[in-house]
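Q: Generate coordinates for the sequence data below:
(one chain, ligands or ions: 1)
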Amino acid sequence: VKSEPLKVMISGAPASGKGTQCELIVQKFGLVHISTGDLLRAEVASETEIGNKAKEYMNSGRLVPDEIVTVMVKARLSHEDAKEKGWLLDGYPRSASQAQSLEEMKIRPDIYIVLDVPDETLIDRCIGRRLDPVTGKIYHLKSFPPETEEIRARLITRPDDTEEKAKSRLEIYKKNAEAILSIYANIMKKIDGNQPKDRVFAEIESLLSEVQKEKEKLKLGK
Ligand code: AP5
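A: As a prediction, the model looks like this:
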């Protein structure tokens, strides 16, 4: 008997390691990764209407208006692949009203993972972060340097990764975190994100495997 696919939300402050962990989660569990940050950056890069509207907000480290992001997420979640393989929502909901939109659509995750990392580490991670525009891979100049000189030469820095903007993104995150948490309190699992990335992943993996087993049991019991 095949059980319902996993539905996972991952949350945490800017640079807490969401994107890094999502790469590993997708490899292991085959979920469809829906990152609003990545979707918006792609819209900006291809200069679409959404991208042109979102650009200014993103570059200054502010949240893009709810209506723009929510339409995008709804569309992505309703694709067949997300229903079939399950989904991993990264960077959404980011405000109480975004969480409310999902509740209204009866879209609820099985688990709400929060990566917990101290403020000073977050700022350092933002400043050292580099992206490979070719593969989409996330690097850090100190912790995860690129494998080859060729990759190093093409790495880019996100416009919102300056110290000042990283601090303001963190403030915005903190302002919204509690209201969102209150909606998912009963399925929330906090993980220490200030450990080597494989250690963080091992904890996530064990939580997700447990949820998967529970879902299989429920299905068999029906
Ligand atoms: P988004 O892209 O979601 O940015 P964010 O939440 O600020 O998260 P980050 O991408 O900065 O960090 P991350 O947690 O993925 O960390 P990463 O793995 O890269 O959003 C960007 C913007 O889009 C927003 O500011 C907003 O304008 C807009 N937006 C997006 N969603 C929106 C929404 N729902 N509503 C409105 N607006 C929205 O890791 C960071 C660094 O640390 C890397 O260099 C990595 O190599 C390193 N690292 C990772 N793990 C470890 C580890 N364990 N140890 C050491 N280093 C590590």
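
Q: Let's verify Ser11: helix, strand, or coil?
A: strand (DSSP: H, G, I helix; E, B strand; the rest coil).

Q: how close does it sit to the ligand?
A: From Ser11 across to the ligand, the span is 9 Å (Cβ to the nearest ligand atom, to the nearest Å). All C-beta spots, glycine's among them, are computed from the backbone N, C-alpha and C.

Q: Could you find the closest non-adjacent residue to that residue?
A: Val114 (5.2 Å; Cβ to Cβ, 6 or more residues apart in numbering).

Q: Could you identify the helix or strand that succeeds the one helix or strand the one you found maps to?
A: Under DSSP states H and E, the secondary-structure element containing Val114 is strand 111-116. For strand 111-116, the succeeding helix or strand toward the C-terminus, using DSSP H and E, is helix 119-128.

Q: Show me where the chain has its strands.
A: Using DSSP state E, the strands found in the chain span residues 7-12, 32-35, 87-90, 111-116, 129-131, 138-140, 188-192.

Q: ok, now which ones touch Ser143?
A: Arg125, Gly128 (Cβ atoms under 8 Å, 6 or more residues apart in numbering).

Q: now do the one 5 residues further on
A: In this structure, Thr148 makes contact with no residue, judged by Cβ under 8 Å, 6+ apart.

Q: Around the ligand, pick out the residues from the protein.
A: Residues of the chain lying near the ligand by Cβ under 6 Å from any ligand atom: 12, 14-20, 36-37, 40, 57-58, 61-64, 69, 91-92, 94, 98, 125, 128-129, 138-140, 143-144, 160, 169, 196-197, 200.

Q: Among the residues you listed, which lie within helices?
A: Counted as lying in helices by DSSP state H, out of the residues of the chain next to the ligand, are 18-20, 36-37, 40, 57-58, 69, 98, 125, 128, 169, 197, 200.

Q: quick one, what contacts Met188?
A: Tyr112, Val114, Leu181.

Q: Specify the beta-bridge partners of the second one.
A: With beta bridges defined as DSSP bridges, Val114 has these partners: Ser11, Lys190.

Q: when you give positions from now on, start the count at 262
A: With 262 as the first residue, the last one maps to Val375.

Q: is it true that it touches Lys450?
A: Yes - at 7.2 Å, Val375 counts as touching Lys450 under the criterion of Cβ atoms under 8 Å.

Q: In terms of neighbours, single out the busier of those two.
A: A count of neighbours by other Cβ atoms under 10 Å puts Val375 above the other of Val375 and Lys450, at 20 against 15.

Q: what's the strand holding Val375 in contact with?
A: Contact partners of strand 372-377, identified using Cβ under 8 Å, 6+ apart, comprise 269-274, 277-279, 282, 442, 445, 448-455, 461, 465, 468-469, 472.

Q: Please list only the buried members of the residues you listed.
A: 269-274, 277-279, 282, 445, 449, 452, 454-455, 461, 465, 469, 472 (16 or more other Cβ atoms under 10 Å).

Q: residues contacting the residue nearest the centre of the chain?
A: Nearest residue to the geometric centre of the chain (Cα atoms, centre = their mean): Asp351, 2.3 Å. Asp351 makes contacts with Met270, Ile271, Lys279, Gly280, Cys283, His294, Ile295, Ser296, Thr297, Gly298, Asp299, as judged by Cβ under 8 Å, 6+ apart.

Q: again, 7 Å this time
A: The contact partners of Asp351, taken as Cβ atoms under 7 Å, 6 or more residues apart in numbering, are Ile271, Lys279, Gly280, Cys283, His294, Ile295, Ser296.
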